[in-house]
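1. predicted model follows, preceded by the sequence.
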Amino acid sequence: MGGIWELISSITKYEIPSPTMTWQVFKEVMQNPMQDDPDYKGIGTKLLSSLKRVGIGFGCGSLIAIPIGMLMGSNKVIMNIINPMVQILRPVSPLAWFPLGLAIFQDSPKASIFMIFICSLWPTLINTAFGVSHIPQDHKNVGKAFGFSVWKYITKIVVPYTLPHILTGLRLSIGVAWMVIVAGEMLSGGMGLGYFVWEEGFNGGSIAKIIVAIIIIGVVGLMLDRIFMGLQKRFSYAV
Amino acid sequence: MIPAPDNKLKPVFNAGKSIEVNNVTVSFKTPKGIYTAVKDISLSVKKGEIVTIIGHSGCGKSTLMGTISGMVKPTSGEVFANNSLVTKPGPDRGIVFQNYSLLPWLTVYRNIYEAVDSAIKFKTAKEKKQLVENNLKMVNLWEHKDKLPGQLSGGMKQRVAIARAFAINPTILLLDEPFGALDALTKSNMHVELLKLWNLDNREKTIVMVTHDIEEAIFLSDRVVVMNNGPAATIKEIVDVPLSRPRNKKNIVHDQTYTAIHDRLLNLLIDKFSIDDIH
């Protein structure tokens, strides 16, 4: 892969920097990553601020999506009421929600959190509802036959059965959220990795910095995905 | 649906009755109309009796069983268990399902404990734990108590399911094709183990079992209820099994009574015995 990269660099007459040149820039960028001055913030600080916004938006979105998904999955009427709304709102690009968030909150960081919140809802909602509505009759029968209370039914049957489905939803949601935060930060400016890509990379005329940012975004995205994949494995059970 | 006549005689119970099924009909609404699974079935089972219900697949055996367990509501007619009308499942009736129905995220121990905890209200946590321990030891699974069901063999899973049903100490045990998924050798061992548990309990528990295995039905039961093919299945015949207990798997097959019952059941259930019978 390094060879192909090197080749492309040489074809473009090093308009696209070679791996070695990028490595130099990477080291430069990483020199003081946690720098947190009012006029300049290091890449690590930017990364953390992006992660924080994703965390808040994704966290709030999940906290709402999971219970609503459970209600949808357990009740056909609720499903028929909410599902059409979900189906209409789900395909909307998260970026379209940004100006709405800006109008509501009058604050661009909050608007990007709002955008993350919205796009974190759908995959979790849909997967949770699917999980709950597919609880096998065998499991339901156990609850019925031995007279489980509603609480025991939820904690010992609904939640454990649905957990892998919820985690699938969360894994998809965090993927979308991480993708969207970069675009959001480009729109809102002044913060996070998205701003780094736009301001220091593109406006600063350093393609190497753009590539460095792409690699960091990719690696962090992969790590987030692996965390949820690990959780999914942990909570899946052989019957 | 025909409403039950008002002047129907109230059933008279005697102390030895465990289950009383009165003119039970069960119909389901399907997209193609109303499907009647079983029709006008009456059956009474004595306390401590083992009765098997046998018939072809889809003949409504499990539906009939469901009306006794309370999982299925009769469309008309009624079922009494221990002299009270069955409206829902209750702790006086322990159920063992066809596919074990263990919760895969709970350990063997928790699977039984949660059932005991729900079904038995008036016992302390300590007493409940004791019950779980006793029953797991009874089926020789105490050393596997911390395993998940996915780590057990089919026979072991079924022993857990049986221990779970016994743990709530029901007077009636309802077994819905409990050994259907097991291989012949494991199945044979399970028959003996089931009877052992029944003996340990002074043969006081009433057992109703659904099966489609003739040998199993004869070896275990006092009476075999043969059902007609559905829809609207009825009882075709009830065959008594007057073999003395304890029964021995190996010797019983040479017993003349056994062979006679076996033949009778074969004749009731099968109408083609060789390729000459296929026209």
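-> Thanks, I have the structure now.

2. use CA for all of it now, contacts and neighbours both
-> Noted.

3. for the record, mean pLDDT for the longest helix belonging to chain B?
-> Counting by DSSP state H, the longest helix found in chain B is helix B:184-200. Regarding helix B:184-200, the rounded mean pLDDT is 88.

4. packing partners of that helix?
-> Applying 3 or more C-alpha pairs under 8 Å, 6 or more residues apart in numbering or on different chains; DSSP states H and E, we find helix B:184-200 packed against helix B:154-167, helix B:214-220.

5. can you list the ones you listed in CSV and add mean neighbour count and distance to A:Ile43?
-> Formatted as CSV, the helices and strands packed on helix B:184-200 follow (neighbours: other C-alpha atoms under 10 Å in any protein chain shown; distance: least, C-alpha to C-alpha, whole Å):
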stretch, mean neighbour count, distance to A:Ile43
helix B:154-167, 24, 55
helix B:214-220, 20, 73
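
6. of all those helices, which one is nearest chain A?
-> Among the helices and strands packed on helix B:184-200, helix B:154-167 comes nearest to chain A, with 9.0 Å by C-alpha to the nearest C-alpha.

7. the longest helix that chain A contains: how far from the chain's middle?
-> With secondary structure taken from DSSP H, chain A has its longest helix at helix A:43-74. The chain centre lies 8 Å from the centre of helix A:43-74; the measure is C-alpha atoms, centre = their mean, to the nearest Å.

8. swap in stretch A:152-166?
-> Relative to its parent chain, stretch A:152-166 has a centroid offset of 23 Å by C-alpha atoms, centre = their mean.

9. start to end distance for it?
-> 19 Å (C-alpha to C-alpha, to the nearest Å).

10. got the contact list for B:Asn134?
-> By C-alpha atoms under 8 Å, 6 or more residues apart in numbering or on different chains, B:Asn134 lies in contact with nothing.

11. SS state for it?
-> What DSSP: H, G, I helix; E, B strand; the rest coil gives for B:Asn134 is helix.

12. can you give me the angle the lowest-mean-pLDDT helix or strand in chain B makes with helix B:154-167?
-> Every helix and strand of chain B was ranked by mean pLDDT, DSSP states H and E. The lowest is helix B:184-200, at a mean of 88. Using axes from the mean of the first three to the mean of the last three C-alpha atoms, to 10 degrees, one finds that helix B:184-200 and helix B:154-167 are set 20 degrees apart in direction.

13. please point out which parts of helix B:184-200 sit buried.
-> The neighbour-count check on helix B:184-200 (16 or more other C-alpha atoms under 10 Å in any protein chain shown) flags B:Lys187, B:Ser188, B:Met190, B:His191, B:Val192, B:Leu195, B:Lys196, B:Leu197, B:Trp198 as buried.

14. which other helices and strands does the helix or strand following it contact?
-> Next in sequence after helix B:184-200, counting helices and strands by DSSP states H and E, comes strand B:206-211. Using 3+ C-alpha pairs under 8 Å, 6+ apart, the elements in contact with strand B:206-211 are strand B:50-54, helix B:61-69, strand B:172-176.

15. again, only this time at 6 Å
-> Judged by 3 or more C-alpha pairs under 6 Å, 6 or more residues apart in numbering or on different chains; DSSP states H and E, strand B:206-211 is in contact with strand B:50-54, strand B:172-176.

16. end to end, how far does stretch B:204-220 reach?
-> 15 Å.

17. now do it, average pLDDT.
-> Rounded mean pLDDT across stretch B:204-220 is 93.

18. near chain A, which residues of chain B are found?
-> Remark: the part of chain B in contact with chain A comprises B:Pro89, B:Ser101, B:Pro104, B:Ala115, B:Ser118, B:Ala119, B:Gly150, using C-alpha under 6 Å from any C-alpha of the partner chain.

19. same list (these) but as CSV, adding neighbour count and pLDDT.
-> Compiled in CSV, the residues of chain B next to chain A are given as follows (neighbours: other C-alpha atoms under 10 Å in any protein chain shown; pLDDT from 0 to 100):
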residue, neighbour count, pLDDT
B:Pro89, 21, 92
B:Ser101, 22, 91
B:Pro104, 20, 94
B:Ala115, 22, 95
B:Ser118, 17, 93
B:Ala119, 22, 91
B:Gly150, 17, 93
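
20. any idea which of these is closest to A:Trp151?
-> A:Trp151 lies nearest to B:Ser118 out of those, by C-alpha to C-alpha, at 10.9 Å.

21. so who does that closest one touch?
-> By C-alpha atoms under 6 Å, 6 or more residues apart in numbering or on different chains, B:Ser118 lies in contact with A:Gly147, A:Phe148.

22. with respect to burial, which of the helices and strands packed on strand B:206-211 scores highest?
-> Of all the helices and strands packed on strand B:206-211, strand B:50-54 has the most neighbours on average by mean count of other C-alpha atoms under 10 Å in any protein chain shown, namely a mean of 26.

23. name every strand pairing with that strand and say which way it goes.
-> Partner strands for strand B:50-54, per DSSP bridges, with pairing direction: strand B:206-211 (parallel), strand B:223-227 (parallel).

24. switch the ones you listed over to TSV; also include mean neighbour count.
-> As requested, the strands paired with strand B:50-54 are exported to TSV (neighbours: other C-alpha atoms under 10 Å in any protein chain shown):
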stretch	mean neighbour count
strand B:206-211	24
strand B:223-227	23
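
25. reformat the ones you listed as a markdown table; add distance to B:Glu78.
-> What follows is the strands paired with strand B:50-54, written out as a markdown table (distance: least, C-alpha to C-alpha, whole Å):
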| stretch | distance to B:Glu78 |
| --- | --- |
| strand B:206-211 | 17 |
| strand B:223-227 | 19 |
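
26. out of the ones you listed, which is closest to B:Lys123?
-> Of all these, strand B:206-211 comes closest under C-alpha to C-alpha, at 23.7 Å.

27. extract the CA atoms of the closest one and return them as CSV.
-> What follows is strand B:206-211, C-alpha atoms only, in CSV (Å, rounded to 0.1, in the frame of the first residue of the first chain):
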residue,chain,number,x,y,z
THR,B,206,-49.7,-36.6,38.2
ILE,B,207,-47.9,-36.7,34.9
VAL,B,208,-49.4,-35.9,31.5
MET,B,209,-47.1,-36.3,28.6
VAL,B,210,-47.4,-35.6,24.9
THR,B,211,-45.4,-37.9,22.7
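
28. can you mark which positions in stretch B:227-244 are buried?
-> Result for stretch B:227-244 [16+ other C-alpha under 10 Å]: buried residues B:Met227, B:Asn228, B:Asn229, B:Gly230, B:Ala232, B:Ala233, B:Thr234, B:Ile235, B:Ile238, B:Val241, B:Leu243.

29. can you list contacts of that stretch?
-> The contact list for stretch B:227-244, computed with C-alpha under 6 Å, 6+ apart, reads B:Thr36, B:Ala37, B:Val38, B:Lys39, B:Ile41, B:Gly55, B:Cys59, B:Asp222, B:Arg223, B:Val224, B:Val225, B:Val226.

30. now for those: which two are most distant?
-> Spatially, the most separated pair among the contacts of stretch B:227-244 is B:Thr36 and B:Asp222, at 28.7 Å (C-alpha to C-alpha).

31. contacts only, for the residue lying closest to A:Thr124 once chain neighbours are set aside.
-> Spatially, and ignoring its direct neighbours in sequence, A:Thr124 is nearest to A:Gly169 (3.9 Å; C-alpha to C-alpha, 6 or more residues apart in numbering or on different chains). Contact partners of A:Gly169, counting by C-alpha under 6 Å, 6+ apart, are A:Pro123, A:Thr124, A:Asn127.
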